[in-house]
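Chemist: Below is the sequence, then the predicted model.
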There are 2 protein chains.
Amino acid sequence: MGKQLTEMLKGTLEGLVLAILSGRPAYGYEITAWLRDQGFSDIAEGTVYALLVRVERRGLVDVEKVPSEKGPPRKVYSLNAQGRAYLEEFWTTWSFLAERLERLREGGK
Amino acid sequence: MGKQLTEMLKGTLEGLVLAILSGRPAYGYEITAWLRDQGFSDIAEGTVYALLVRVERRGLVDVEKVPSEKGPPRKVYSLNAQGRAYLEEFWTTWSFLAERLERLREGGK
DNA sequence: TTCGCTACTCAGCAACGCTAGCTACTGGTA
DNA sequence: TACCAGTAGCTAGCGTTGCTGAGTAGCGAA
C-alpha cells in the first residue's frame, strides 16, 4: 500500500490516534503496536511519538508517567475535553471528505 | 473546516481529481471551480495546477491543448490506462483507511 | 482603457510522515 | 560476566504536499 497510504495518513493519523485515545488511555509503544496490528504495518515508531508530542503541546491530551515492569516508564496519554472537541471536529471534516469521495466513486462506475 | 481539511487533502486531493477525470476529461480551471462548488471552498488555484503537472509528469493522464472562446487555451486532461490503474489502487488504499476509521468511530461511541 | 472573467504558472512556506539513528531499563542466555 | 532481545521513548534531516501571493495572458463589457 506504501506511498499512497503515507500521504493519506497526513491529516488522518492524528485523528486515528485521538480516536484510539477516546476509547482508553494509552502510551506510544502500545499505540504503535496496535496500529501495526490493524494493518498499518509500516507505521514508523518515530511518527507516533512525534504526533503525541504535537497533540500534547496543543493541549489535546493529558499525560501521566507510569512505571513499567519491563523497561523505562511509560507516558500514558488520555484525551481531555479540548481533545474531545477537536476529535468531534475531525469527524466532521472526515465525513465531509468521505461523502464527496464516495459520491465520486459511485458516479465513476 | 480549515486546517484539518488542508492536512487531510494531502494524499486524497490527488485521488479526488483523478476520480473526476475518470468520469470525463477536464481542464484545471474547471476542476477548481467544480471543487469549490462541492464545498471545498478554500482550495487554492495553484494547488490544482501543481497537482495536474505532477500527475502528468507521472504519466497518469493525457493532455490536449484546446482553444477557448474566452481566454487562453485550455489544457484538457484525461485519465489514461496507467491513471486508471493508479486510481484503482487509490480506492483500495482509501477503503483500507476508511474502514479502520469508521470502526474506531463506532467503537468510540 | 479599465475592469472582470478565463486560464495557467511559479517561488517560497508550513505541516506531516518517514528514515535512521540514539538513550535507557529489564530479564534471559552464552 | 557479557551480551542480546524486548520494551519504551526521543530526535535531526528529508521529501511530498497544499497554501500564499504574485505574475502573465487573452477576451468582452462598461
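Modeler: Structure's in. What do you need?

Chemist: so the residue sitting nearest the centre point of chain A is in which element?
Modeler: Nearest residue to the geometric centre of chain A (CA atoms, centre = their mean): residue A:17, 1.7 Å. For residue A:17, the element it lies in under DSSP states H and E is helix A:13-23.

Chemist: Could you report the distance from the residue nearest to the centre of chain A to residue A:55?
Modeler: 7 Å (CB to CB, to the nearest Å). C-betas here are computed from N, CA, C, even on glycine.

Chemist: now the strands for chain A?
Modeler: A:26-27, A:61-66, A:74-79 (DSSP state E).

Chemist: List the buried residues for the second one?
Modeler: If I follow you right, that is strand A:61-66. In terms of neighbour count (16 or more other CB atoms under 10 Å in any protein chain shown), strand A:61-66 has its buried residues at A:61, A:62.

Chemist: How about the residues of chain A by DNA strand D?
Modeler: Proximity of chain A to DNA strand D is confined to A:7, A:27-30, A:45-46, A:49-50, A:52-53, A:68, A:70-76 under the rule CB under 7 Å from any atom of the strand.

Chemist: re earlier: list the buried ones in the helix holding residue A:17?
Modeler: Buried residues in helix A:13-23, counted by 16+ other CB under 10 Å: A:13, A:14, A:15, A:16, A:17, A:18, A:19, A:20, A:21, A:22.

Chemist: for stretch A:71-78, same thing?
Modeler: Neighbour-count burial for stretch A:71-78 flags A:74, A:75, A:76, A:77 (criterion: 16+ other CB under 10 Å).

Chemist: Name the nearest of the buried residues of helix A:13-23 relative to residue A:95.
Modeler: Comparing the buried residues of helix A:13-23 against residue A:95 with CB to CB places residue A:15 closest, at 11.4 Å.

Chemist: Any stretches of chain A with poor pLDDT?
Modeler: Chain A contains residues with pLDDT under 70 at A:1, A:108-109.

Chemist: if I look at residue A:84, how far off is chain B?
Modeler: The gap separating residue A:84 from chain B is 10 Å, by CB to the nearest CB, to the nearest Å.

Chemist: Can you report how many residues lie near residue A:6?
Modeler: Residue A:6: 17 surrounding residues under other CB atoms under 10 Å in any protein chain shown.

Chemist: distance of it from DNA strand C?
Modeler: Using CB to the nearest atom of the strand, to the nearest Å, one obtains 4 Å as the distance from residue A:6 to DNA strand C.

Chemist: Would you agree residue A:27 is in contact with residue A:78?
Modeler: No. The pair residue A:27 / residue A:78 is not scored as a contact, 10.2 Å apart, by CB atoms under 8 Å.

Chemist: Mind checking the strands of chain A for the one nearest to chain B?
Modeler: strand A:74-79 (9.7 Å; CB to the nearest CB).

Chemist: if we can go back for a sec, including distance to DNA strand C, could the buried residues of stretch A:71-78 go into TSV?
Modeler: Output for the buried residues of stretch A:71-78, formatted as TSV (distance: CB to the nearest atom of the strand, whole Å):
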residue	distance to DNA strand C
A:74	11
A:75	13
A:76	17
A:77	15
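
Chemist: how about JSON lines for the strands of chain A, with distance to residue B:62 added?
Modeler: Shown next, in JSON lines, are these (distance: least, CB to CB, whole Å):
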{"stretch": "strand A:26-27", "distance to residue B:62": "48"}
{"stretch": "strand A:61-66", "distance to residue B:62": "48"}
{"stretch": "strand A:74-79", "distance to residue B:62": "47"}
